[in-house]
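# All I have is the shape, not the residue letters:
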């Protein structure tokens, strides 16, 4: 087992982070940028891009042995889609893989998202540092 | 619909904003424009020229807003056609002068509202308009030969609106309005090769322009749609470079099909943005008009002045707006709108201050219209053509933007536009740009108020626009019912024609109009085009084609 310090200092196995988008949303500028910034911080990013299905995303999380799944939304349908993904991950036994959200996430929805098990919410005003910190904290030893 | 709303739509032609005053606020009378004492100076004539003269750096028209005010636009679209109709009526009642419609992402991508994967998204970020009947409902009582409708929508807008006009017994020649047939920008703005393969996207744009300039000469084409490209990740110079690369390639292909530039260019208008750097945006609009004029004249041999005189449709930058302390966005949009007017645009939409939150509230829309009215009537933004012309700073910036754009365009054309898109070169260029900006924000070298500095104290959650989904649910049921009740033979024959014409390499726009007249849906028409190009019917690989494309 690694300690948190080892992971954060880059020692041992890097965190594997699956990033992608659901639905018809095409606003991928943010997630593409964060993918590169996470890579620069030593995180292994599996970038699925836009237009994934809920099923495809859930099974990729398992197949890619991801430590966490990151979704970006600019569509207001995010609560529905996130719930569908959480359900699907439960169904295939991947409920332990944490989920984080980025993009346009309204504060009024935070409680509902947390309740369904979303671990990280990074809306407007989140810094690169906060996101990198969070992703690192989702490594295996946690 | 109420009587009042019928009046609002019926009198739309009379709603044009007029310049209220040519005197300054303090009472000094002003000229149409100002210039150097000696206008025969060769350098002035070559690089600037008076407003309304080649190379149009100083504006498209001699008197600019004195002769014709800009069109004050306010983009509307949510829910079912009935919902968007309601929003349009409110905009016109506040003093908006155009009908400006945005469709939902499903319709934009030619996905029908009964697609099993995307129910929650129907009508959420724009109006759901899967059939010509839906457009007819939205524009009931709007005479499409008299009233301009502007569609924030790519390849399908023209054939669908044309189908409505035909269904109403009107000839295509009288159809008026505008759409944005630029499909390559969609490939680059997150749609990717999966939704719009580069080659198919480009061919569709060329087909549509060829067809519409020949059949509906009063239909205007927002091409290139450089707004989304800028938002995706380009500098002002990059906007000119990539936009001109699109224009050059498109015109070359149309010329190869036997058209002359003067049959096409007068129908085109550049769809641009106005970002937060006031002086740089003014310089961009000026450099852009010069770039366009010289390209049309020197590269394509244009002779018609309307080909060389670029018109610009501007929507202020959504990306520049900040989620936190959103009222600050009114400051941002006022400056961006002012830049667009000092830059001489022909139509302007100012983002609502709550754009980073979601679909605008009615109050936010109202303020966006008031803002343009303040610019027009109080600030005096419309009084004098090219008010910043001759400023050493602005002229130097204009030259610098132009030089940088030329270098980028050369670089893109050296690779070849279509190759540079399909091999990811352009996407990488945009990603690099965005990464650079994010790093500058992270380092504090670039400061955005409420973005990375000067963060507000905890504030209440921003108000968001919500609407009743009942109309949308009924609209989806109505769509499914239509599929069962339409003339099946006529529908099938029409789609087979779309498919066979597209497959043989012909221009399928005419058959697409016929298919929409026969009540085919947007998903069915585009799906037939996809199949003809050897792609899956449904880009999301869930649905099968609802008919055999027998040869």
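Arrived safely, thanks for sending. Here the structure is a predicted model, which is why all the values come from computation and not from measurement. Numbering: from 1, shown residues only, chains lettered A, B, ... in the order given.
# need the helices for the stretch 101-250 of chain B, in chain order.
B:105-108, B:132-138, B:157-167, B:184-186, B:192-195, B:198-215, B:226-233, B:236-256 (DSSP state H, counting those that start in this stretch).
# mean pLDDT lowest for which of those?
In terms of average pLDDT, helix B:192-195 trails the rest of the helices of the stretch 101-250 of chain B, at a mean of 90.
# mind listing what's buried in stretch A:101-113?
A:101, A:102, A:103, A:104, A:105, A:106, A:109, A:113 (16 or more other Cβ atoms under 10 Å in any protein chain shown). C-beta: built from backbone N, CA, C; applies to glycine.
# Apart from its chain neighbours, what residue comes closest to residue B:76?
Spatial nearest neighbour of residue B:76, chain neighbours left out: residue B:87 (4.2 Å); criterion: Cβ to Cβ, 6 or more residues apart in numbering or on different chains.
# repeat for residue A:52
Leaving out its chain neighbours, the residue that sits closest to residue A:52 by Cβ to Cβ, 6+ apart is residue A:20, at 4.8 Å.
# got a list of contacts for the host helix or strand of that neighbour?
Taking DSSP states H and E as the criterion, residue A:20 maps to strand A:16-22. With contact meaning Cβ atoms under 8 Å, 6 or more residues apart in numbering or on different chains, strand A:16-22 is reached by A:28, A:31, A:34-35, A:38, A:43-54, A:57, A:60-61, A:64-73, A:81, A:84-85, A:135, A:138.
# Please list only the buried members of those residues.
Burial by neighbour count, 16+ other Cβ under 10 Å: within the contacts of strand A:16-22 this picks out A:28, A:31, A:34-35, A:38, A:43-48, A:50-54, A:57, A:60-61, A:64, A:66-73, A:81, A:84-85, A:135, A:138.
# Tell me, how many residues neighbour residue B:458?
The local packing of residue B:458 (other Cβ atoms under 10 Å in any protein chain shown) involves 5 other residues.
# for the one 3 residues further on, same thing?
If you count neighbours by other Cβ under 10 Å, residue B:461 ends up with 11.
# same question, residue A:78
Residue A:78 is flanked by 24 other residues according to other Cβ under 10 Å.
# measure it to residue B:352 for me?
21 Å (Cβ to Cβ, to the nearest Å).
# cool, and residue B:28?
To residue B:352, residue B:28 is 34 Å away according to Cβ to Cβ.
# again with residue B:440
Using Cβ to Cβ, residue B:440 is found at 27 Å from residue B:352.
# between these two, who's got more neighbours?
Higher neighbour count among residue B:440 and residue B:352: residue B:352, with 30 against 13, using other Cβ under 10 Å.
# Please look at the more buried one and residue B:364 and confirm they touch.
Yes - with contact defined as Cβ atoms under 8 Å, residue B:352 reaches residue B:364; the gap is 3.8 Å.
# Output the below-cut-off pLDDT ranges for chain A.
With pLDDT under 70 as the threshold, chain A has low-confidence stretches at A:1-12, A:140-142.
# Over to chain B?
B:1-18, B:551.
# Ramachandran coordinates for residue 68?
Going with chain A. Dihedral pair for residue A:68: phi -160, psi 160, per degrees, to the nearest 10.
# need the residues of chain A near chain B, please.
Residues of chain A lying near chain B by Cβ under 8 Å from any Cβ of the partner chain: A:23-29, A:32-33, A:36-37, A:49-51, A:53, A:75-77, A:80-81, A:104, A:106-108, A:123-125, A:127-129.
# Looking at the stretch 201-350 of chain B, which residue is nearest chain A?
Using Cβ to the nearest Cβ, residue B:323 is the residue of the stretch 201-350 of chain B that sits closest to chain A, at 3.1 Å.
# Next, count neighbours for that residue.
Neighbours of residue B:323 (other Cβ under 10 Å): 19.
# which element is the most centrally placed residue in chain A on?
Nearest to the mean C-alpha position of chain A, by Cα atoms, centre = their mean, lies residue A:70 at 1.5 Å. Element membership for residue A:70 (DSSP H and E) is strand A:68-73.
# which other residues reach that strand?
Here strand A:68-73 has contacts from A:15, A:17-22, A:25, A:27-28, A:30-31, A:34, A:57, A:61, A:78, A:81-82, A:85, A:89, A:97-105, A:119-120, A:135, A:138, using Cβ under 8 Å, 6+ apart.
# now, which of those lie within strands?
A:17-22, A:99-103, A:119-120 (DSSP state E).
# Among those, pick out the one closest to residue B:97, please.
Nearest to residue B:97 among those, counting by Cβ to Cβ, is residue A:103 at 33.5 Å.
# Let me see the contact set for the closest one.
Taking Cβ under 8 Å, 6+ apart as the test, what residue A:103 contacts is A:27, A:30, A:31, A:71, A:72, A:73, A:74, A:78, A:123.
# Dump the residues you listed into JSON lines; add distance to residue B:50 as well.
Output for the contacts of residue A:103, formatted as JSON lines (distance: Cβ to Cβ, whole Å):
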{"residue": "A:27", "distance to residue B:50": "42"}
{"residue": "A:30", "distance to residue B:50": "44"}
{"residue": "A:31", "distance to residue B:50": "48"}
{"residue": "A:71", "distance to residue B:50": "54"}
{"residue": "A:72", "distance to residue B:50": "49"}
{"residue": "A:73", "distance to residue B:50": "50"}
{"residue": "A:74", "distance to residue B:50": "44"}
{"residue": "A:78", "distance to residue B:50": "52"}
{"residue": "A:123", "distance to residue B:50": "49"}
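# Residue B:244: what's it in contact with?
By Cβ under 8 Å, 6+ apart, the contact list for residue B:244 reads B:291, B:292, B:295, B:405, B:409.
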